[in-house]
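Undergrad: A predicted structure for the sequence below; I have some questions about it.
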Amino acid sequence: MLRKHSNNARCLTWNLVLPSDFAHRTQSDRFVHGTPATLLTNASVWTGDSGGYELYGADILIDKGIIKRYNDLVTVDVGGSWVTPGIVDMHSHLGVGSAPSLSGARDTNSHKGPILPWLRSLDGLNTHDDAYRLSISGGVTTANVLPGSANAIGGQAFVIKLRPTDERSPSSMLLEPPYTINGTQVDPSLPPRWRQMNRKCLCGCLFIGRVYGNTRMDTFWAFRQAYDTARQIKDSQDAYCSKAMAGEWEGLGKFPEDLQWEALVDVLRGRVKVHTHCYEAVDLDDFVRLTNEFKFPVAAFHHAHETYLVPGTLKQAYSKTPAAAIFATNARYKREAYRGSEFAPRILAENGIDVVMKSDHPVLNSRYLLYEAQQAHYYGLPANLALSAVTSTPAKVIGQDHRIGFIREDLVIWDSHPLALGATPKQVWIDGIPQLENPYVAKKPVAFQSVPSTPNYDKEAIEAVKYQGLPPLTPTKAKTDTILFTNVSSVYARNGAEVQEMFGSLDSAPAVVVVRNGEIVCHGSRASCLTSLSFPEVQFESFDLQGGSISPGFVSYGSSLGLEEIGGEESTKDGVVFDPLSGNIPSLLSGSEVMKAVDGLQFAGRDTLLAYRAGVTSAITAPTSRGLISGLSTAFSTGAAHGLEEGAVVQDIAALHVNIGHSRSGSVSTQIAALRHLLLDSASGTPFDLVAKGEIPLVVQAQNADIIASLIKLKKEVEANAKTALRLTVTGAAESHLLARELGEANVGVIVTPSRPFPDSWELKRILAGPPLTKESTITTLMAYNVTVGIGITESWSARNTRLDVAWAALESDGVISKSEALALASTNLEKLLGVKPGASLSGDLVATRGGSALDLDAKVVGIISSRRGSVEWF
């Protein structure tokens, strides 16, 4: 009788729905007893509700872990600050891809086979991941933790709240775990709960193809076999239940089930939110056909770089149209992502596809997931959909919108409008518990309390589709040698090794700037510059910058920009140089072990041209190395068509680059001993001899403070021997803030790479997090001790975001970093630190922006003024 009752209950629960009175609960199941109620008043609230997204002057009561009401209450005034639901990261590997990355806590992927639906991310969830605290400081309150991408079906995902719990266990972090965590028994008295599952649908150069040697055909046959197995089990269960519910128990036997396949059977029953990594049209089409063959819905396609090209294909999926979970600008890191577009979010939304912005943490630091929404908004996604893309939309997609993604359980108070660049939490509540202890935020301009205006990118969005993700990127040269820029609010230009403001917004009225042959010949009032245009033979174009600005072209450093086209495709890259410590240097290269990046330069790549269109006019790139010596870097123009073009190579040799770290070949002491030998004993005229004589800089990639301290001592040793100053620059430098005074005293420059550090390895464990966790950042700490600071990037695709990186650094400095100093972080400071000699022109390449300065999120780069080429180019 007990067996009959249990199996009948199981059959009945397959079609359960969420109870209609769930919203009327008075206490969260995650409520921590003793947590006091919190009342916020006078808040500007972005609710996420379609009936009315914004409320002003609202009151919010948080009690027993839920939002009980918002309005008509009076107590603590939050001064009109913006309040939103907690950020929801729908694609994360928090806790399984832990920070710092250590072999004992690396549980993202299993390599036991392509089809593994029985694995669970919960079983590898590390509660000691340093990233939880950092992600909370970015407003992230909930994450869907997925297994990795080494399998066609990687296993089951779990939704967690990020706050630390008293139990300190992974299970205590779960948000609505599916029924019982171990097993598949269902309590019919409880509301149903969604399961999550991760799968990947391409052969992929990066994972499935490399790990298992599978082609797309192999992978989809594996899918069909797996789903056919699940379908047979489901059919047996359905037949069993049909007889059981009719009371036909005689000879029925045991309930048909298989623990390995039960999760996949649940997929076919529509009880699992399926998350599928699909990049290209071929993969999307394959998986859509799979959903229709086996009749199961897909919650979302992830990464999904080509979904904007085939929205109609998504709409053909079984039962419902999947959402697209995408990056804002991260693309071209492998072939499948080559056609990714910054306009994908807006194009998808225009086609009725739900858009989710995700981090794929730690691929992108989920602390800055909101930045993905900000960029999507900048490129045309409407403001309400941009915010929904990191709150209410992912909550709906994972089936948790009755709890999260809206003003229901978790809240964030922001120091500015959440779509404003650098928006930082003042406080974060998870389950009614404040998460930030003594938070610090910088004072932001009043304008940052409003939704940023955005440039018009209609033409570019149309071309992205027209050219199937590969629109032409080359600029158009101006038709005349003389250009009149009008309505210019400010002009910044290089002056030797510094950036100076020539005039700015404090001046009485917008000015004009006259450019001839790539040089500024006049700036100021129109009347004062008329003489530059009054000659009959002078023909000129006029361009209205609409309150925009002219400033120095940015410099990119730190990635393989100019040496690779597609990160995951070896045939598109210069390759990796030989490591002398490995002893594998070919005899042919004996005596010439130091390679030159200039010999491997590739021009007119998509990342290079996208950077150029974003105001990055030059890059300094060193050879790619996994060992001690990288080689000699080169400086080149990002807008050049080929290496023989005038001004394509700015400087053949800039600096000598080496790498010191715990994960490199040989011990750290061995690496430093080798470097000491090379600096003290190299033959005259060799690169290391030139470094020792102070003729070119030595640039050392090092993150750890102890390694940096050893480099400072080595610098003194070499200087004592050579009787001249060693020009040392440390790049990476995540822990350099611990030695700021010593670096300043030793005259060692620093390139913080990336500009917002993340502790992804043990060498970076002691980062200075910056607001709201710390008042100071690494950059401001170093500058306080007169260290020359630059910023760098680690991946080529992010070069285009350089202007936003320096703007962010200035914003969170609370006025410590001026606009001129911010511009210098990625221009003159980098040139000085990396050995680029000042050009003949005092202005160098300049960037014209419309609608704001190069440091404003709402500005658009419209042209490059190049003194090196003697011309102006338009975008």
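TA: Structure received. Residues are numbered from 1 along each chain as shown.

Undergrad: Going by C-alpha atoms from here, please, whenever you check contacts or count neighbours.
TA: Will do.

Undergrad: would you list every one of the helices in the stretch 101-250 of the chain?
TA: Using DSSP state H, counting those that start in this stretch, the helices found in the stretch 101-250 of the chain span residues 131-136, 208-212, 216-245.

Undergrad: comparing those, which gets the lowest mean pLDDT score?
TA: Lowest mean pLDDT within those: helix 208-212, a mean of 64.

Undergrad: And the spatially closest residue to Ser236 that is not a sequence neighbour, which helix or strand is it part of?
TA: In space, and not counting its chain neighbours, Ser236 is closest to Pro256: 6.4 Å by C-alpha to C-alpha, 6 or more residues apart in numbering. Under the criterion DSSP states H and E, no helix or strand holds Pro256.

Undergrad: Kindly report the same for Asp607.
TA: Per DSSP H and E: helix 606-613 holds Asp607.

Undergrad: Now do the buried residues in that helix.
TA: Arg606, Asp607, Thr608, Leu609, Leu610, Ala611, Tyr612, Arg613 (16 or more other C-alpha atoms under 10 Å).

Undergrad: still on that earlier bit, the residue nearest to Ser236 - how many residues pack around it?
TA: 14 (other C-alpha atoms under 10 Å).

Undergrad: Check Asp228 too.
TA: Around Asp228 there are 16 residues (other C-alpha under 10 Å).

Undergrad: Spit out the contact partners of it.
TA: Residues in contact with Asp228 (C-alpha atoms under 8 Å, 6 or more residues apart in numbering) are Phe294.

Undergrad: Using CSV, lay out the helices of the stretch 101-250 of the chain together with distance to Gly469.
TA: Compiled in CSV, those are given as follows (distance: least, C-alpha to C-alpha, whole Å):
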stretch, distance to Gly469
helix 131-136, 32
helix 208-212, 24
helix 216-245, 22
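
Undergrad: hey, which of these is tucked in deepest?
TA: Highest mean neighbour count of the helices of the stretch 101-250 of the chain: helix 131-136, a mean of 22 (counted as mean count of other C-alpha atoms under 10 Å).

Undergrad: Can I get the helix holding Asp607 as CSV, trimmed to CA atoms?
TA: What follows is helix 606-613, C-alpha atoms only, in CSV (Å, rounded to 0.1, in the frame of the first residue of the first chain):
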residue,chain,number,x,y,z
ARG,A,606,39.0,43.4,-36.4
ASP,A,607,39.9,44.0,-32.8
THR,A,608,42.6,46.4,-33.9
LEU,A,609,40.2,48.4,-36.1
LEU,A,610,37.5,48.3,-33.4
ALA,A,611,40.0,49.8,-31.0
TYR,A,612,40.9,52.5,-33.6
ARG,A,613,37.2,53.4,-34.0
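
Undergrad: which secondary structure elements does it contact?
TA: strand 860-866 (3 or more C-alpha pairs under 8 Å, 6 or more residues apart in numbering; DSSP states H and E).

Undergrad: got the angle for the strand it packs on vs helix 606-613?
TA: Using axes from the mean of the first three to the mean of the last three C-alpha atoms, to 10 degrees, one finds that strand 860-866 and helix 606-613 are set 90 degrees apart in direction.

Undergrad: Now the residue nearest to Ser236: phi and psi?
TA: Pro256 adopts backbone torsions of phi -70, psi 120, taken as degrees, to the nearest 10.

Undergrad: so how far is Tyr240 from it?
TA: 8 Å (C-alpha to C-alpha, to the nearest Å).

Undergrad: Would you state the strands of the stretch 351-500 of the chain in chain order?
TA: Taking DSSP state E, counting those that start in this stretch as the criterion, the stretch 351-500 of the chain carries its strands at 355-357, 411-414, 425-430, 433-434, 476-477, 482-495, 498-503.

Undergrad: if we can go back for a sec, surely the residue nearest to Ser236 meets Gln237?
TA: Yes. Using C-alpha atoms under 8 Å, Pro256 is in contact with Gln237, at 5.7 Å.

Undergrad: okay, the strands of the stretch 351-500 of the chain in CSV with distance to Gly647 next?
TA: Shown next, in CSV, are the strands of the stretch 351-500 of the chain (distance: least, C-alpha to C-alpha, whole Å):
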stretch, distance to Gly647
strand 355-357, 39
strand 411-414, 45
strand 425-430, 45
strand 433-434, 55
strand 476-477, 15
strand 482-495, 18
strand 498-503, 22
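
Undergrad: count of neighbours near Ala497?
TA: Neighbour tally, Ala497, other C-alpha under 10 Å: 16.

Undergrad: Span of stretch 660-669 from start to end?
TA: 9 Å.

Undergrad: got the buried residues for that stretch?
TA: Buried positions in stretch 660-669, judged by neighbour count with 16+ other C-alpha under 10 Å: Ile660, Gly661, His662, Arg664, Ser665, Gly666, Val668.

Undergrad: which other residues reach that stretch?
TA: Under C-alpha under 8 Å, 6+ apart, the answer for stretch 660-669 is 581-582, 626-628, 671-672, 700-704, 707, 763.
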